[in-house]
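> Sequence plus predicted model, see below.
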Amino acid sequence: MTEPLRLGIAGLGTVGIGVVKIIRRHAALLEARTGRPVVITAVSARDATKDRGVSLKDYAWETDPVALATRDDVDVFVELMGGHEGPARLATEAALAAGKDVVTANKALLAIHGQDLAERAEANGSVIRFEAAVAGGIPVIKSLTESLAGNEITRVMGVMNGTCNYILTQMEATGRGYNALFEECGKLGYLEADPLLDVGGIDAGHKLALLASIAFGTKPAFDDVKLEGIQRIAIEDIRHAADMGYRIKLLGVAQRSARGLEQRMTPCLVPANSPLGQLEGGTNMVVIEGDAIEQVVLRGPGAGEGPTASAVMGDVLDIARGLRISTFGQPAKTLSEEPAAQTGLPAPYYVRMALQDKPGALAKVAAALGDAGVSIHRMRQYDHATTVAPVLIVTHKCTSAMLEQALEALAATGVVEGAPVALRIEEL
Ligand SMILES: NC(=O)C1=CN([C@@H]2O[C@H](COP(=O)(O)OP(=O)(O)OC[C@H]3O[C@@H](n4cnc5c(N)ncnc54)[C@H](O)[C@@H]3O)[C@@H](O)[C@H]2O)C=CC1
Ligand SMILES: N[C@@H](CC=O)C(=O)O
């Protein structure tokens, strides 16, 4: 019989248990597809006594993930614990040092230590695969590293955090509050162990840094990602944006130009009738643009047990078939260091402000914007029962520096209450 591929799985939470279930359910299918049995030999998690709804009695239990990663009867270390330090990092390093291959769903680990780990893997003849780390069940890593490898990639963008998209779209669809929806994301298995990573845009920023590395042949540079989460998005913004024909998304964009490598993960307005604008719930979408392909749009479930375990299994099966590809699509030592672009391309902006309802107030706003070189494209003032009017402005294209200057000037008018909300409108 052909030698089985033996897995050691560290982490038996949402994703880990999903992987165990697929291996148990599809043993014959997996063997037929790869020509060899794919088996679990050992597992590890924090609590050995917990009922996880699936039998683990056939697998050796290791309390220490490092011991699991270096066992003689483990060919592939499957890291599904999370975290960029501690056991996830230590056990991954130990697995690579022992010449094991690694499959992980851990975007934080790779966005922060990916270059070092990729170099270690290559030095030891191992591979690291991480399809599940970006956009859950969508095969985006495979698309970039393999199917689209003949393209010069010009831009990668998308919605890559299921939690944020679920919260933003459900707030609009149901009028339910942020806290209830956040709780629901936990039940759906979307949330990171530290959910601030989700709503703070950090998780999606990790994913963008990984895609940018593969797309542009650069070392993963998470520190260069301009990050902003969805915490300050109010239901009024969601409703007003809809009224103007837009939807708010936590949108990632990575592109290289003469200005350097631009990477940003920020809440943006996108046209409501665009594919990105129509994305609901935990669904993710990644748009890849290249010189030969023009544009490819990938859409699918971005989080949760089944989709993420499916992506892990795709990597495991590639290893079983003998497919060995550099971590970021080219040898780690050939990845370049690209300077970070300091400014994005000019774009229109959505600005919402609370304006004192008195003669001349609007004229002061127009003058403040005009002095900063920001031109008004559309404007609406909403009905109000108080002395403060909600005012929305959509600007013509301007740079972020011009917008900053305009916001400072607005604050100095004396007619704008509090800080205006300003969001970039992404042209697709
Ligand atoms: N849940 C999802 O939809 C997705 C998760 N991921 C990534 O997959 C990884 C796992 O995520 P989940 O399964 O959702 O997490 P989880 O919190 O449901 O499970 C984590 C598992 O790791 C174990 N663990 C944590 N720290 C440990 C330690 N120090 N020693 C031993 N075991 C430890 C826990 O006991 C638990 O079994 C993370 O890197 C996450 O970012 C990636 C894509 C989607
Ligand atoms: N927490 C993440 C899970 C997948 O990466 C999300 O909500 O998308």
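Noted; the coordinates are in hand. Ligands and ions are numbered 1, 2, ... in the order given.
> and His113, how far is that from Ala332?
With the distance defined as C-beta to C-beta, to the nearest Å, His113 ends up 12 Å from Ala332. Bear in mind the C-beta positions are built from the backbone N, C-alpha and C, glycine included.
> Give me every residue in this protein lying close to ligand 2.
Within reach of ligand 2 by C-beta under 6 Å from any ligand atom, the chain has these residues: 136, 161-163, 190-192, 198, 203, 302-303.
> In those residues, which residue is surrounded by the most others?
Within these, Asn161 tops the neighbour count with 36 neighbours, counted by other C-beta atoms under 10 Å.
> Once you drop chain neighbours, what's closest to it?
Ala204 (4.0 Å; C-beta to C-beta, 6 or more residues apart in numbering).
> Provide a list of residues in contact with the one you found.
For Ala204, the residues meeting the contact criterion (C-beta atoms under 8 Å, 6 or more residues apart in numbering) are 160-161, 164, 198, 250, 252, 265.
> Now do the contacts for the residue of the stretch 201-350 of the chain found nearest ligand 2.
In the stretch 201-350 of the chain, the residue that lies nearest ligand 2 is Ala303 (3.6 Å; C-beta to the nearest ligand atom). Each residue near Ala303 by C-beta under 8 Å, 6+ apart is listed here: 136, 161-163, 188-190, 282, 284.
> how much space between it and Glu93?
The value you get for Ala303 to Glu93, if C-beta to C-beta is used, is 27 Å.
> do the same with Val38
From Val38 to Glu93 the distance is 24 Å (C-beta to C-beta).
> Just want to know which of those two has more residues nearby.
Higher neighbour count among Val38 and Glu93: Val38, with 24 against 17, using other C-beta under 10 Å.
> Can you report phi and psi for that one?
Per-residue torsions, Val38: phi -110, psi 120 (degrees, to the nearest 10).
> What is the neighbour count of the spatially closest residue to it that is not a sequence neighbour?
Among residues not flanking Val38 along the chain, Leu30 sits closest, at 4.6 Å (C-beta to C-beta, 6+ apart). Neighbours of Leu30 under the rule other C-beta under 10 Å: 20.
> Which elements pack onto the helix or strand harbouring Leu30?
If you go by DSSP states H and E, Leu30 is part of helix 27-34. Where contact means 3 or more C-beta pairs under 8 Å, 6 or more residues apart in numbering; DSSP states H and E, helix 27-34 is packed against strand 38-44, helix 305-321.
> Mean confidence (pLDDT) on that helix, please.
Averaging pLDDT along helix 27-34 gives 98.
> same check, this time on stretch 324-341
Mean predicted lDDT for stretch 324-341 stands at 96.
> first to last residue in that stretch, what's the distance?
End-to-end distance for stretch 324-341: 33 Å, by C-alpha to C-alpha, to the nearest Å.
> buried sites along it?
For stretch 324-341, a neighbour-count test (16 or more other C-beta atoms under 10 Å) marks 325-330, 332, 335, 338, 341 as buried.
> Show me which of the residues you listed is closest to Ala121.
Thr327 (6.1 Å; C-beta to C-beta).
> which residues does the residue lying closest to that closest one once chain neighbours are set aside contact?
Spatial nearest neighbour of Thr327, chain neighbours left out: Ala118 (3.8 Å); criterion: C-beta to C-beta, 6+ apart. By C-beta under 8 Å, 6+ apart, the contact set of Ala118 is 128, 326-328, 332, 335.
> Equivalent analysis for Gly281, please.
Gly281 makes contacts with 162, 165-166, 169-170, as judged by C-beta under 8 Å, 6+ apart.
> Now flag whichever of those is closest to ligand 2.
Gly162 (3.5 Å).
> and the stretch 51-200 of the chain, which residues reach ligand 1?
Within the stretch 51-200 of the chain, the positions adjacent to ligand 1 are 65, 80-82, 86-87, 105-106, 132-133, 136, 189-190, 192-193 by C-beta under 6 Å from any ligand atom.
> rerun that using 8 Å as the cut-off
Contact residues, the stretch 51-200 of the chain versus ligand 1 (C-beta under 8 Å from any ligand atom): 63-65, 79-83, 86-88, 104-109, 132-133, 136, 162, 189-193, 197.
> got the angle for the helix or strand Arg6 falls within vs helix 27-34?
Per DSSP H and E: Arg6 is located in strand 5-10. Here strand 5-10 runs at an angle of 120 degrees relative to helix 27-34 (axes from the mean of the first three to the mean of the last three C-alpha atoms, to 10 degrees).
> circling back to that earlier point, any chance of the buried residues of stretch 324-341 in JSON lines, with secondary structure too?
What follows is the buried residues of stretch 324-341, written out as JSON lines (DSSP: H, G, I helix; E, B strand; the rest coil):
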{"residue": "Ile325", "secondary structure": "coil"}
{"residue": "Ser326", "secondary structure": "coil"}
{"residue": "Thr327", "secondary structure": "coil"}
{"residue": "Phe328", "secondary structure": "coil"}
{"residue": "Gly329", "secondary structure": "coil"}
{"residue": "Gln330", "secondary structure": "coil"}
{"residue": "Ala332", "secondary structure": "helix"}
{"residue": "Leu335", "secondary structure": "coil"}
{"residue": "Glu338", "secondary structure": "coil"}
{"residue": "Ala341", "secondary structure": "coil"}
